[in-house]
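[1] 3D, please:
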Amino acid sequence: SDVNAHMAYVAQQQLDGYDAIVKHAIKRKAAFDKRVLARSPREVIFHTGQLVQFYHSSAHNTLEAKRKLLPKWSVPCRIIER
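    Model (predicted):
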């Protein structure tokens, strides 16, 4: 029926929007990584006192609704020792 077709269309639009957001984020990350590697093309070394964040890769590319709302990055943490 028309209702089912419309609901399927809306669901596809939502998936397409999510796909566009993920592709844009990947593009931004690639540009950032390129800048970082151009500045320092070796291992990144953190020093005592610097702020860092950890990426929770378990939440990456998931379709599970409850995981989408969880933060993908940790709160900022200060490096205490090396």
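[2] mind saving the C-alpha coords of stretch 17-31 as CSV?
    The C-alpha trace of stretch 17-31 is given here as CSV (Å, rounded to 0.1, in the frame of the first residue of the first chain):
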residue,chain,number,x,y,z
GLY,A,17,21.4,10.8,5.5
TYR,A,18,23.4,8.7,7.9
ASP,A,19,25.6,7.4,5.1
ALA,A,20,26.3,11.0,4.0
ILE,A,21,27.3,12.0,7.6
VAL,A,22,29.6,9.1,7.9
LYS,A,23,31.3,9.8,4.6
HIS,A,24,31.8,13.4,5.5
ALA,A,25,33.3,12.5,8.8
ILE,A,26,35.7,10.0,7.1
LYS,A,27,36.7,12.8,4.7
ARG,A,28,37.3,15.3,7.5
LYS,A,29,39.4,12.7,9.4
ALA,A,30,41.5,11.9,6.3
ALA,A,31,42.2,15.7,5.9
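[3] At which residues are the strands of this protein located?
    Taking DSSP state E as the criterion, the chain contains strands spanning 51-52, 77-78.
[4] In CSV, list the ones you listed along with mean pLDDT, mean neighbour count and distance to L69.
    C-betas here are computed from N, CA, C, even on glycine. Shown next, in CSV, are the strands of the chain (pLDDT from 0 to 100; neighbours: other Cβ atoms under 10 Å; distance: least, Cβ to Cβ, whole Å):
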stretch, mean pLDDT, mean neighbour count, distance to L69
strand 51-52, 92, 10, 24
strand 77-78, 92, 10, 22
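[5] got the ones you listed as a markdown table, with distance to R28 columns?
    A markdown table is the format used below for the strands of the chain (distance: least, Cβ to Cβ, whole Å):
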| stretch | distance to R28 |
| --- | --- |
| strand 51-52 | 19 |
| strand 77-78 | 23 |
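[6] Show me what the helix or strand of the chain with the lowest mean pLDDT is packed up against.
    None of the helices or strands of the chain scores lower by mean pLDDT, DSSP states H and E than helix 65-68, at a mean of 70. Other helices and strands packing on helix 65-68, by 3 or more Cβ pairs under 8 Å, 6 or more residues apart in numbering; DSSP states H and E, are absent; none qualifies.
[7] Tell me how far that helix lies from the chain's centre.
    Relative to its chain's centre, helix 65-68 lies at 13 Å (Cα atoms, centre = their mean, to the nearest Å).
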